[in-house]
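Trainee: no FASTA, just this:
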């Protein structure tokens, strides 16, 4: 029985580390998707393109500000191709997450997560 325990313990520990790593990746993707959603909503409320771009960037940074796994400031890009009354605005948020503590089990030290979201612009809102 002691021999079985000695053989299975490393496998169980490795399995738990893989599960923790996958959990961190899933949580990070969820947070980046949430930041994209918040940024798209903030951009859809803007009246001008520069104002909407600034609002989207600020919203993404605020959403991801409490997370230490994002190595740098999130990169936010806003698509204004359908900007106007009744149109929509799309936002992509990219964040490089830190997985250095999980490199022992085969994860790369960092991974870039991308979240995208689209929000409608109200038909009665005046935009420029």
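Mentor: Ah, there it is. Remember, it's a predicted structure, so these values are computed and weren't measured experimentally.

Trainee: use CA for all of it now, contacts and neighbours both
Mentor: Noted.

Trainee: List the residues that contact the closest residue to residue 74 other than its chain neighbours.
Mentor: Distance criterion Cα to Cα, 6 or more residues apart in numbering; nearest residue to residue 74, sequence neighbours excluded, is residue 95 at 4.8 Å. The contact partners of residue 95, taken as Cα atoms under 8 Å, 6 or more residues apart in numbering, are 32, 70, 71, 72, 73, 74, 75, 112, 113, 114.

Trainee: tell me which element the closest residue to the second one other than its chain neighbours falls in.
Mentor: Using Cα to Cα, 6+ apart and skipping the chain neighbours, the partner closest in space to residue 70 is residue 97 (4.6 Å). In this assignment (DSSP states H and E), residue 97 forms part of strand 88-98.

Trainee: Test for you: state the pLDDT assigned to the residue nearest in space to the middle of the chain.
Mentor: The centroid of the chain falls nearest to residue 32 when counting by Cα atoms, centre = their mean (1.3 Å). Looking at residue 32, its pLDDT reads 92.

Trainee: ok, now the one 3 residues further on?
Mentor: Predicted confidence (pLDDT) at residue 35: the value is 93.

Trainee: correct me, but it touches residue 67?
Mentor: No - no contact is recorded between residue 35 and residue 67 when judged using Cα atoms under 8 Å, the distance being 11.6 Å.

Trainee: More neighbours: which of the two?
Mentor: Using other Cα atoms under 10 Å as the criterion, residue 35 and residue 67 rank with residue 35 on top: 29 against 11.

Trainee: Validate this expectation: the more buried one resides in a helix.
Mentor: Yes - Residue 35 sits within a helix when classified using DSSP: H, G, I helix; E, B strand; the rest coil.
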